[in-house]
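1. Sequence and predicted structure are below.
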Amino acid sequence: MWKWLHPYAKADRAYQLCNTLLPYFAVITVVCMLVGWVWGLAYAPADYQQKDSYRIIFIHVPSAILSMGAYSSMAIAAVIALVWQLRNAELAVIAIAPVGACVTAIALITGAAWGKPMWGAWWVWDARLTSELILLFLYLGVLSLYHAFEDKKAAGRAASILAIVGVINLPIIHFSVEWWNTLHQGATITKFDTKAIDSSMFWPLMVNIVAFAGFVGTVTLMRLKNEILQREKHRPWVRQLLNRG
Amino acid sequence: MLRQHSYWQLFSAVCKKDVQLAFRQRAEIVNPILFFLIVITLFPLAIGPEPGLLARMAPGIIWVAALLSTMLGLDKLFRDDFNDGSLEQLIASSYPLPLTVLGKVVAHWLITGLPLVLMTPLFALLLNLDSQALVATVLTLLLGTPLLSFIGAIGAGLTVGLQKGGILMSLLVLPLYIPVLIFATSAIDTSTMSLDYSGQLAILGAMLVIAIISAPIAISSALKVSVS
Amino acid sequence: MQFDSFSDFIAMGGYGFYVWLSFGTCALILLGILVSSLNDTKRIMASVQQQADREARIQQAKQEQQL
Amino acid sequence: MLHIKSVTCIKQDRCLFADLNFRLKSGQIMQLAGPNGAGKTSLLRIIAGFSAPDEGQVMWQGESIAKNYDEFARELLFIGHKTGVNNQLSAIENLRFWLQIQGYDTDQELYSLLAKIGLVGLEDVPVRTLSAGQQRRVALIRLWLNDAKLWVLDEPFTALDKAGVAFLQQRFLTHLEQGGAILLTTHQDLTTHFAHLQTVTLEYRH
């Protein structure tokens, strides 16, 4: 692990790595996003129960999955940052957090917009929506903690600690909310039975999930590049970037 | 010079100092209880004094008030030690920092949590709780308030170096309190239906054990970041 | 194609408002974070340029003093 | 004993010092000099292990302090700008607490020590009622109450009167004779003659 990571501990190498990876991610994102949205909106068949409103699934489910995924990758980066004292991993934590928060916000908004026609209310205290809301709070906590510190080195480490504390709590929160939900609502309203999903809907959904993952990757890489530049502002290699245009 | 390496000496010294200081400035002990009492008074005024309704809302009211009142003392938990440099002395001691932190958190619970537990019968009277629910409330508070102190101390440790850490700390800590809130209120709810609520208590206990083991480590690394 | 006409497509079987609201806000948020990240890059590079210029000016002033 | 190995500290985009190297042997006293903002306190905090250097290492007895901090902490006495004296507690209570958290025995002649440093009759009043110099004395009594080898002192003479400064320097001499080492920052010059005085000057860098 350490041997493999070591060359990228240097900031300029990490920057170059971001640069090499970025085009691949960007292409995957653009292609999958276009295909996924057109397929999902125009070509996938309508659900026999929910009619065309179900099309929201093509962004709601990917964003919900990615909101969790981004949080866990943020926590992994945080562990690496604290255990191996790798400062680039700290920067990765800070690069992922805003992207994750945006994806979580999308999951919430689309969930609400889907809930209105289905349940007749914009907001229902459904277990998944509630944990999604708490997840958003956790993201915002990490972000505001980072920005509250003036010393960005301390800020990165504080945010990493909070991310780890959050990820330990996340399953407990999720479990407790689910349990609370079944307790108070009797049978939970399941929006979509994923097992029964038809392949004509499954594949566009997969494409959209890949598109979202690609988007999260792309923007994270871009933000990571920014964070590296911001920190290494005064180093000669950043100056050389100017001349290269 | 004699050096005696006794973990108990460290723990009791840290704990005793905080409790002693709190007793010297009584406000630190009295204010959270008064706050708790006032919040509980507000609810009947806001939703109406009907006894049945109050009894149904009581677990929620008591626990939300408990969450808020433990938050009051949290900001001060490490702030004084940070400002006068004691925190540095504690870090530069040959004892492990998590143990020191454990002492401080226990002191915080003794100052803010324990009085709440002891005062519960009074609050139960105000909210029309029957004796079954009263026992459940006392038990959940007994298990839950130390948990609040531990989780809250992580937030306090992270924000102690910041000028305006207080509000930020509640933002960080309150989402983490949610599981405690859910299981504790549900235990009281179950008890009012004369059902067995040992399951919820067991979960609270398990969470408390996890917190006792892992929170001091998180708190001490947070403090090291704040001091650096 | 599931829809017979473009207006059908927009209507989404009566759920148009909700579907387009979701996709619209989603696109808006995604674009928003993308643009802000790009802006950050520009801002940082501009400040690097500024610092470089500043140092160049200091250097120049020093040389002029020596002459 | 102490070896500062190419230590670099960058604070908020400003490089305070880079590639700093020096050694401190037993029996030596070292004064860090330099204008405000040159990074004296930052260096002391790095040496005491509160913050990590951006590059380089602090070595104690040939081992990095980050590796085994508790062992190093046993040999270290740090008195910072913030002295770690609680305002609400009395001088005696403060000292007892400090002895306990450092693992020392508390059965000591604290009253006679306090009298020696000029705090007779003020042992059990809250420290906040004392003057700045007296408060500093409460913190400095620790110098008589420890067996640490390395003393790291940030501006120990602040607010002390002349007699106090001289008294403190006497204590420095005995510590050095016993094989200890001292690292301190001060704006005043040391008045007593020290045989092994080294000075490291940090310059203000833009």
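-> That came through, no problem.

2. Excluding sequence neighbours, find me the nearest residue to the most centrally placed residue in chain B.
-> Centroid check for chain B by Cα atoms, centre = their mean gives B:Ser149 as the closest residue, at 3.3 Å. Distances taken as Cβ to Cβ, 6 or more residues apart in numbering or on different chains put B:Trp109 closest to B:Ser149, at 4.4 Å, once the chain neighbours are dropped. Heads up, the C-betas are built off the backbone N, CA and C, glycines and all.

3. what's the average pLDDT for stretch B:177-193?
-> Computed over stretch B:177-193, the mean pLDDT rounds to 88.

4. do stretch C:32-45 as well
-> 93.

5. ok, and for that stretch, which residues are buried?
-> Buried residues in stretch C:32-45, counted by 16 or more other Cβ atoms under 10 Å in any protein chain shown: C:Ile33, C:Leu34, C:Ser37, C:Asp40, C:Ile44, C:Met45.

6. Restrict those to those that also contact chain A, please.
-> C:Ile33, C:Leu34, C:Ser37, C:Asp40, C:Ile44, C:Met45 (Cβ under 8 Å from any Cβ of the partner chain).

7. Hmm, A:Leu242 and the last one touching each other?
-> Yes - checked against Cβ atoms under 8 Å, the pair C:Met45 and A:Leu242 is within contact range at 7.0 Å.

8. got the residues of chain B near chain D?
-> With the criterion set to Cβ under 8 Å from any Cβ, chain B comes near chain D through B:1-6, B:9-10, B:13-14, B:17, B:20-21, B:24-25, B:80-81, B:83-96, B:100, B:224, B:227-228.

9. Okay, and which of those map to helices?
-> With DSSP state H as the criterion, helices contain B:9-10, B:13-14, B:17, B:20-21, B:24, B:80-81, B:83-84, B:86-91, B:100, B:224, B:227 from among the residues of chain B next to chain D.

10. Would you mind checking those residues for buried ones?
-> Neighbour-count burial (16+ other Cβ under 10 Å) is assigned, among those, to B:9-10, B:13-14, B:17, B:21, B:80-81, B:84, B:86-91, B:100, B:224, B:227.

11. Determine the longest helix present in chain D.
-> helix D:162-177.

12. For it, which residues meet the burial criterion?
-> D:Gly164, D:Val165, D:Phe167, D:Leu168, D:Gln169, D:Phe172, D:His175, D:Leu176.

13. taking the mean pLDDT, what do you get for it?
-> Averaged across helix D:162-177, the pLDDT comes to 86.

14. and what of stretch A:217-227?
-> For stretch A:217-227, the mean confidence score works out to 93.

15. Any part of that stretch near chain D?
-> No - using Cβ under 8 Å from any Cβ, stretch A:217-227 never reaches chain D; the gap is at least 13.9 Å.

16. how about that stretch, does it reach chain C?
-> Yes - Stretch A:217-227 lies within reach of chain C by Cβ under 8 Å from any Cβ, at A:Val219, A:Met222, A:Arg223, A:Lys225, A:Asn226.

17. between the residues you listed, which is nearest chain D?
-> A:Asn226 (15.4 Å; Cβ to the nearest Cβ).

18. mind checking how far that closest one is from chain B?
-> When distance is defined by Cβ to the nearest Cβ, to the nearest Å, A:Asn226 is 23 Å away from chain B.

19. next one: A:Ala26
-> Per Cβ to the nearest Cβ, A:Ala26 is found 34 Å from chain B.

20. I'd like the next helix or strand past the helix or strand hosting that residue.
-> Using DSSP states H and E, A:Ala26 sits in helix A:11-38. Beyond helix A:11-38 on the C-terminal side, the first helix or strand identified by DSSP H and E is helix A:57-83.

21. do that next one and chain C meet?
-> Yes - judged by Cβ under 8 Å from any Cβ, helix A:57-83 comes into contact with chain C through A:Ile59, A:His60, A:Ser63.

22. confidence score at the closest residue to B:Glu28 other than its chain neighbours?
-> Spatial nearest neighbour of B:Glu28, excluding adjacent residues (Cβ to Cβ, 6+ apart): B:Ala22 at 4.4 Å. In this model, B:Ala22 is scored at 89, pLDDT.

23. before we move on, what about the one 5 residues further on?
-> Among the per-residue scores, B:Ala27 holds a pLDDT of 84.
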